[in-house]
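> sequence first, predicted coordinates after that:
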Amino acid sequence: MDLSFVILVEMLYAVSSLILISAGLAVVFGMMKVINLAHGEFMMMGGYATITAVNLGVNIFVAMLVIAPITVGLIGLIVERLVIRHLYGRLVDTMLATWGLSLFFIGLATMIFGNTTTGISTPIPGFAIGNFQINGYNFFIIVVSALLLVGMLAVLKSTRAGLIARGAMQRPDMAAALGYSPNRIYMATFFCGSALSGLAGAVLAPLVGLVPTSGGAYIAKAFITVIAGGPSLIAGLFSSAGLFGVVSQVFTFAISPVIGEVALLVAAVILLRLLPQGITGKFFKGKL
Amino acid sequence: MPGQVHNPGGLQKDLMATVIVTGLLVWLMPMLISTYTLTVLIIYGMLGLSLGLIWGFGGILCFGQAAFFGLGAYSYAIAAINFGESTLPMILAVLVPALVAALLGALMFYGRLTDVYLGVITLVVTLILFKFVNSTAGPQYVIGKARLGGFNGIPGFQTLNVPGRPEAYIWGDAYFYVCAVLLALVFVLVTALLRSSFGRVAVGIRENETRMSLMGYDVRARKTILFAIGAAIAGLAGALFANWGEIVTPSLFSLGQSAEIIIWCIVGGLGTRLGPILGAAGLAYLKFLLGQQSLVDNTLITGLILVLFVLFLPRGIVPAVSDLWQSRIGRGRRSRRPQTRRGAISRERFNG
């Protein structure tokens, strides 16, 4: 009984952390068809922003939920203006340029923070269920990613900004004809995507020791989750994160964590072979 | 660009040019750079050429070329420990990656996966290999007499020897000559391949896959074969690298390694044979020089170079220089291939 509860929580946690990791990339890819391979480094910078702010005496929740997203969002804005806006519509070129950016940011972080591991302790204590100890912070991550999904759905579905963004995503020329500049919409979208990456990096920062190359651990998972999710933003994110989270946890509990990771990757290969357009290319068509 | 390899009957001219240039470089370069460093530059050049072939001429963007490089190196190391002689391991180091690539390629191309999805699968396979090899530290992971060693890699295997004589090692300057000759050989083979009908059909597939399949060519099989050939070259480079470094570690499979190969191709020039080789050797040497100072981080500069090239010179150095050359010297010849059309082709290719 206790064990099954622990496994359930771990599975929910795995799914939520995948959602959290992939959300920023999903927004940028789903809306603008830009694959941001510097996504992992945006998360890494979110983590560093949090740790720096906490060390300066800011409350950890303010640092995580406010300062980190805004900092990384602004960095994203600069990147979009300087590099990415010249490359819209050239999928492979944007991938390569953002890969270059990712290396650039790793180098920059190494120069600023040094090639050492930094970290902060989790602000929520763990507690025991029966014979098992559970990390209380896992619940925080589950809650944050649930709120994130609901928030994204609400913004896209029922606000004017969301409507404009969805319109520009479907037909940029029509949106432009109606008087909305796609250029500015893309800029705002990229800001939001980067801010989400920063938020994810910040929220996950207390769980991992942060090094400048931390981003590499996230980018592959995020990339896989988003591509496997397919064209629908939220439905795709939810379904592929759910699938991969459960698969990797089942194998983690049954065999070992390494096999769990490998199982996730193998699942992705099989899934893309069967559904080359991603999950929502076949199911939930036309949903958000 | 494809035009370079199209004029018929020029294979012998190309062969002559390759022999002469290789001879000159092998004679002159050791006066500037130590042969130990030159050897690794040559090996990277071969690795660059392997991706340049499948990406530049076949239009297959592989994010995991490092996987085949690593597989070649590991196949060589494991086989060399087991056999104690280097001839068979060298052959295996070419065959194993080619076989893996043929299987993976069949999985991808018969599933009609394209651009981004291809990228994800090759990236994921590289990651699986990286994670798996990293976790094989325990004594239970043994192939024959060779322990996989996990994070620490495999040291102390038999290095290259004269075929049939395990005690006659090839090392130092002699190894440099072997690598140079092998690269020239691979270069000539790639040239011959691109001149053959297979190569021209591959370029056709890059330009327009649907049209080629409507003309009756089996696009899937041809892409799979090309992918396997690229992997074989990368595997050979891996085996040479293993011999050079005398140790193989999981970092050969890493994403950073894959990124570097892609950067070499972009900087050198896609759709050329020389570009990836020059890009690889040039950037690797630059990295070597930068590694000797600690003012600016190495990764930062690599990243900056990639961004700047994608923004300002997306076709790379070699095509840009040859364009400049042709507009200065050979004005009359340029009319054969109008500038606008070439721009359109490369743009088309980048859009996948």
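Looks like it arrived, so ask away.

> which helix or strand contains the residue of the stretch 201-350 of chain B found nearest chain A?
Chain A sits closest to B:Leu300 of the stretch 201-350 of chain B, with a gap of 2.6 Å, by Cβ to the nearest Cβ. In this view, the C-beta of every residue, glycine as well, is placed from N, C-alpha and C. In the assignment (DSSP states H and E), B:Leu300 maps to helix B:298-312.

> cool, and A:Thr280?
With DSSP H and E as the criterion, A:Thr280 is inside helix A:279-282.

> residues near B:Val307, how many?
Per other Cβ atoms under 10 Å in any protein chain shown, the neighbour tally for B:Val307 reads 23.

> spell out the residue ranges of the strands in chain B.
Using DSSP state E, the strands assigned to chain B run over residues B:142-143, B:146-147, B:154-155, B:247-248.

> do the stretch 151-288 of chain A as well
Assigned by DSSP state E, counting those that start in this stretch, the strands in the stretch 151-288 of chain A number zero.

> what does it have sitting close to chain B?
A:216, A:220, A:223-224, A:227-228, A:258, A:261-262, A:265-266, A:268-269, A:272-273, A:276 (Cβ under 8 Å from any Cβ of the partner chain).

> re the thing from before, among the strands of chain B, show me which one is buried the most.
strand B:247-248 (a mean of 22; mean count of other Cβ atoms under 10 Å in any protein chain shown).

> before we move on, back to that, list the contacts of the helix holding B:Leu300.
A:83, A:86-87, A:93, A:96-97, A:99-108, A:110-111, B:260, B:263, B:266-267, B:283, B:286-287, B:290-291, B:316 (Cβ atoms under 8 Å, 6 or more residues apart in numbering or on different chains).

> filter those down to the buried ones.
With burial judged by 16 or more other Cβ atoms under 10 Å in any protein chain shown, the buried subset of the contacts of helix B:298-312 is A:83, A:87, A:93, A:96-97, A:99-108, A:110-111, B:260, B:263, B:266-267, B:283, B:290, B:316.

> residues contacting B:Ser75?
B:89, B:92-93, B:96-97, B:235, B:238-239.

> repeat that for 10 Å
B:89-97, B:100, B:143, B:235, B:238-239, B:242, B:248 (Cβ atoms under 10 Å, 6 or more residues apart in numbering or on different chains).

> got a winner among those residues for most neighbours?
B:Gly238 (34 neighbours).

> how close does B:Leu53 sit to chain A?
Using Cβ to the nearest Cβ, to the nearest Å, B:Leu53 is found at 17 Å from chain A.

> now residue 176. Nearest residue, chain neighbours left out?
Just going to use chain A. Closest residue to A:Ala176 apart from its sequence neighbours, by Cβ to Cβ, 6 or more residues apart in numbering or on different chains: A:Pro182 at 5.4 Å.

> chain B, not that one
B:Thr35 (4.1 Å).

> please determine how far that neighbour is located from chain A.
The value you get for B:Thr35 to chain A, if Cβ to the nearest Cβ is used, is 30 Å.

> which residues does B:Ala79 contact?
B:85-86, B:88-93, B:96, B:143-144, B:146, B:157-158, B:239.
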